[in-house]
Every structure is written in structure tokens, then in C-alpha cells.
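# Provide a 3D model corresponding to the input given below.
(chains A and B)
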Amino acid sequence: MFEFKVLKKSQRSRARLGILKTGSGLVETPSLVPVATQAVIKTLESREVKETKTGILIANTFHLHLKPGEKFIRAAGGLHKFMNWQEALMTDSGGFQVFSFGFGKDLGVGKLLKYFPGRNGINKTQINKGSKPKFLRITPAGVWFRSPLDGEELFLGPRESIKIQEKLGADIIFSFDECTPPLSSVGYVKEALQRTHNWAKICLKVKKSKQAIFGIVQGSRFKQLRQESARFINSRPFDGIGIGGDLGLTKEEMKKILNWVIAELDAQKPRHLLGIGHLGDIEDIVKSGIDLFDCTVPTHYARRGIAFVGLTKEERLDLNEKSFLKEKEPLDGNCSCFVCQNYKRNYISHLIRAREITGLKLLTFHNLYFFNTFIEKIREKIKNGKI
RNA sequence: GGGCAGGUGGCGGAGUAGUCAAUCGCACCAGACUGUAAAUCUGGCGGCCACUGGCCUUCGGGGGUGCGAAUCCCUCCCUGCCCA
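Model (predicted):
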């Protein structure tokens, strides 16, 4: 069962308020989708995740295929049962790993580039037509990876990804794509886009389950390719649209790219922006018309000791700093999360500095609650016609 | 009282005459992290400045020998271990 309903469209932007109905539960949109790569929000158990106002998670095909293997998860009754998460659930297809274990690893870059031409010895374009990553082999049929666990070769293509995702049994699955790096030439991206589109067709064809499936738009920072990809993916019978790949060098460029893509999409389909979601990005992407977005920032930063706080503008506290040992207030005086109601900065800082895992847990809990509350307010703003 | 070992920057610990303001680790400070990497990466870390360089003050205290010492000599103080 899958249904998406737009409840309200903003008059001031492309922002919209919606509701996503899955077999496992309702999700109010716009919504953050916290990342549970290994079928867990690191440091939290499912009941705690729910207490952070999270209603949907995304797990990862590639990682769960490697460990423990989809057959164990299927035998356990599927991901929901396996991880005791009865709410909505997505699985990412493994397409991002084509980038992160491929060119991303070779060049030591993320999908958002902080390097600029001429600096750090990196030129703007390093991936040209015919370029090949060192550690994996991209073929028209799919991708040969080397297992990061034992070095064994393994093949993941559209068929494999869908079969695995069917066994994992999330409510929403993604088509297998190639996430291109931010240093790609137009020639390379064109080539990769061919593959991604071809794989999208195969994914639709081989899927037998009743799971909803989202196609993924690629095309990097190139207008023609983004538009072409958006039209293509939009024209296929996907239940929703994912937008992936790199989104330029600046926030302005990201907005521009989202506008190119979203202008081509049917309004009734949900749009999921893959891997973006710093606090400072959220309002912008929502205004661009994004309904769902997954991001590791709240959870990943938590494990670096960073708490996100602040009523109006984003502030970060680095609890590694010794000075917090003196502070007797909660992380955020305006936050009503369990952590802010019960623990103070001094103690959390101590836990982080002492490398106690509970510190990571408290920050993870707070950050997720904080992000979800932030987005709740954005939904409120759409409802009230403010954005 | 005697013997041995040793005292280096916040801590641990290199260096044992010039290339030493002094390797390195920890701690500390600053920055980074966007379809996850359980704690990572980058930079700084004596002071001052006209800061791709220069100046000043440092290697337990004091005094020597050298053109030149954290490094050699004398002396004092302190620490650890062993003997009495």
C-alpha cells in the first residue's frame, strides 16, 4: 500500500505539505528520513528512534547485503521485524556506494565538493569520458565491487539490487543508479546517465513485489542532462522520484539544479532528495519542492560530539570542548527532548570526552529530535502560508 | 651515609656540542564532515613582530669550557631504586 497526497501547496514557493501513506504508517511531509545504513540508527534502538519524532528510516542495500545478508533478514521476517521498526521504511539501492567506493574513494571527495579549481591540487574536472574508478568496475549491466569486509568481488546491478531490496522488504525501495562525482565532465555524466536510465527500466521490469519504488534523477550540474533525466524518470511508472548525485559547488547552484529538475516532475509524486539535509539547507530544499530527504548529518555529527541547537539560526556545540564541563544548562534550553529535559552540557561533555558511548547516544537522540522539530516548524510555516 | 639511574615545553617521551624553539604521542585550540566512517581528517600548539622572514626567552638552579651547549666540566637542589 502506497499513497501520497499533497495537502497544501504554497503560494510563495514550490513548498508543499503532504502525507505519505505506507503499509507501515503515515509520514507527514516534508520530512527528514534518518539514515539507518546497517538497519539501525547508530547508538539508538527503535523505540528511542520513534521518541525522536522519526516516522521513517532508510537502510542500505549494499551494506545489508554484505552483512548480514538479505537471506537472514528475510528469514527473520523482513527488515521491519528484524529491527523492530514498525513505521515506514526505505532502502537505498546501493547506487551511492558506486560513488563512495569508486571515484569518491579515489579522489578523497564527498558528493558535495568543498575544493575549488586549482586548490588542493584538484582540478574541477577529473572524471572524463572513459574514466574508471580504481576499486570497482562499472559495466553496462551493473557494478563489480570489492567487499570492504573481505575483498571478495561482488556484483550489484539493477536486478541484484531489486532482488535484495525485495527480500529486505522495506515499504519503499530505490532504483539502482550511478551517483556521479562532482568532478565529472559532461561527457562522463552523459555516459553514466545512460546506464542509470537503463537500470531504471530494468528495476521496474524485474520488481515483482508490491513495494513502492522511487526512480532516481541524475545529471550532476548540467542543465540539459538534469532535465533529460527528470523527464525520463518522471515518465516511467515510479511511485516517487529521487534526486541524487552532486548538486554543484554552492547552495545557489543546488537551488538552481533542483528547480530544473522539479519543474519537470508530476506534482502528485513524492520527491526525495538523496543525502542532503544540513539545517541550513532544509528550508531551501523544501521551498524547491522537496518532500523527503535523508541525511546523515544529525546522527553522524552526534558521534563527532556535535549538538545542533538554536532557535532561529543554526548553532553547533562541540561537546569535546573542555569549557562545556562548566556549563550547567541543557544542550538547548528550548528543546523539549528527553535529553534536554534530563541532562546538562557538563555531563554530556564529560561522556564525550571520556569516550563513553552513552554520550554519543544522548547527542544522537537530541540531534534527531532537534532536526525533526525544526522540520515540524517548517511544516507549520507552510500551513500558515509563511514559506 | 654509600652506590646507581634520572631531572627537556601542560603530561609522557626523543635528542646527548652546531642542520634545536627542540622528533613523536597525549592533552589543548581552530576548522572540516550532507543516499554513514563508533569517535575521523586538516591545521595550530614558548613569546613578540614590519609574520614564505626576523627578534627575544627556554631543556632542574648557579658557575665554567667552547666561535657555538638541552648536549661537555664543576657545584648545588630534587626524584626513583639498591646498600648501610
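# what ranges do the helices span in the stretch 51-200 of chain A?
Assigned by DSSP state H, counting those that start in this stretch, the stretch 51-200 of chain A shows helices spanning A:61-66, A:70-75, A:79-82, A:95-100, A:103-107, A:158-168, A:186-206.
# may I have the fourth one as PDB, with CA atoms only?
Extracted C-alpha coordinates of helix A:95-100, given in PDB (Å, rounded to 0.1, in the frame of the first residue of the first chain):
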ATOM      1  CA  GLY A  95      23.900   3.300  -6.100                       C
ATOM      2  CA  PHE A  96      25.600   5.700  -3.700                       C
ATOM      3  CA  GLN A  97      28.200   3.100  -3.000                       C
ATOM      4  CA  VAL A  98      29.100   3.100  -6.700                       C
ATOM      5  CA  PHE A  99      30.300   6.600  -5.900                       C
ATOM      6  CA  SER A 100      31.600   6.300  -2.400                       C
END
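# residues making contact with that helix?
Residues from elsewhere that reach helix A:95-100, judged by CB atoms under 8 Å, 6 or more residues apart in numbering: A:60, A:62-63, A:111, A:136, A:138, A:143, A:145, A:156, A:161, A:174-181, A:196, A:216, A:244, A:274-275. C-beta: built from backbone N, CA, C; applies to glycine.
# closest one to A:Pro270 among the helices of the stretch 51-200 of chain A?
helix A:186-206 (16.6 Å; CB to CB).
# might you list the low-confidence residue ranges for the stretch 251-387 of chain A?
Residues of the stretch 251-387 of chain A meeting the criterion pLDDT under 70: none.
# what about the residue of it at minimum distance from RNA strand B, how many residues close to it?
The stretch 251-387 of chain A approaches RNA strand B most closely through A:Gly275 (2.4 Å), counting by CB to the nearest atom of the strand. Neighbours of A:Gly275 under the rule other CB atoms under 10 Å: 23.
# in contact with it, which residues?
A:Phe96, A:Lys111, A:Gly244, A:Phe293, A:Asp294, A:Cys295, A:Thr296.
# what about these, which are in helices?
Those of the contacts of A:Gly275 mapping onto helices are A:Phe96, per DSSP state H.
# picking that back up, ok, of the helices of the stretch 51-200 of chain A, where does mean pLDDT dip lowest?
Of all the helices of the stretch 51-200 of chain A, mean pLDDT reaches its minimum on helix A:103-107 (a mean of 86).
# contacting residues around that one?
For helix A:103-107, contacts defined as CB under 8 Å, 6+ apart pick out A:109-111, A:122, A:126-127, A:131, A:133-135, A:180-181, A:183-184.
# quick check: buried residues in the top helix by length along chain A?
As assigned by DSSP H, the longest helix anywhere in chain A is helix A:357-383. Under the neighbour-count criterion of 16 or more other CB atoms under 10 Å, helix A:357-383 has A:359-375, A:378-379, A:381-382 buried.
# apart from its neighbours in sequence, what residue is nearest A:Gly248?
Leaving aside its sequence neighbours, A:Gly248 sits nearest to A:Arg221 (CB to CB, 6 or more residues apart in numbering; 4.6 Å).
# can you check the pLDDT for that neighbour?
pLDDT, A:Arg221: 94.
# if we can go back for a sec, can you give me how far the longest helix of chain A is from the chain middle?
Relative to its chain's centre, helix A:357-383 lies at 16 Å (CA atoms, centre = their mean, to the nearest Å).
# so that helix, near RNA strand B or not?
Yes: using CB under 7 Å from any atom of the strand, helix A:357-383 reaches RNA strand B at A:Ile357, A:Gly359, A:Leu360.
# picking that back up, pull the contacting residues for the residue nearest to A:Gly248.
Neighbouring residues of A:Arg221 by CB under 8 Å, 6+ apart: A:Pro182, A:Asp246, A:Leu247, A:Gly248, A:Leu249, A:Glu253, A:Ile257.
# go again using 7 Å as the cut-off
A:Asp246, A:Gly248, A:Glu253, A:Ile257 (CB atoms under 7 Å, 6 or more residues apart in numbering).
# who wins on neighbours among those residues?
With neighbours taken as other CB under 10 Å, the top of the contacts of A:Arg221 is A:Asp246, carrying 26 neighbours.
# any idea how far the nearest residue to that one once chain neighbours are set aside lies from A:Phe103?
Excluding its sequence neighbours, the residue lying closest to A:Asp246 (CB to CB, 6+ apart) is A:Pro182, at 3.8 Å. In this structure, A:Pro182 and A:Phe103 are 9 Å apart, going by CB to CB, to the nearest Å.
# try A:Gly385
Separation of A:Gly385 from A:Phe103 (CB to CB) stands at 43 Å.
# and if you look at A:Leu183?
Distance from A:Leu183 to A:Phe103, by CB to CB: 7 Å.
# more neighbours, these two?
A:Phe103 (27 against 24).
# pLDDT value on the nearest residue to the more buried one once chain neighbours are set aside, please?
Spatial nearest neighbour of A:Phe103, excluding adjacent residues (CB to CB, 6+ apart): A:Pro181 at 4.2 Å. On pLDDT, A:Pro181 comes in at 90.
# A:Pro181 touches A:Leu112, doesn't it?
No: here A:Pro181 does not reach A:Leu112: they are 10.4 Å apart, not a contact under CB atoms under 7 Å.
# quick check: neighbours shared by these two?
Shared contacts of A:Pro181 and A:Leu112, defined by CB under 7 Å, 6+ apart, comprise A:Asp246.
# tell me which of these two has more neighbours.
Legend: neighbour count by other CB under 10 Å for A:Pro181 and A:Leu112, higher for A:Pro181 (26 against 17).
# list the contacts of the more buried one.
Neighbours of A:Pro181 in contact, by CB under 7 Å, 6+ apart: A:Phe99, A:Phe103, A:Gly104, A:Leu107, A:Val109, A:Lys111, A:Ile127, A:Asp246.
# what do you get for A:Val6?
By CB under 7 Å, 6+ apart, the neighbours of A:Val6 are A:Arg16, A:Gly18, A:Ala267, A:Gln268.
# repeat that for A:Gly219.
With CB under 7 Å, 6+ apart, A:Gly219 has these contacts: A:Val189, A:Leu193, A:Leu225, A:Arg226, A:Glu228, A:Ser229, A:Gly245.
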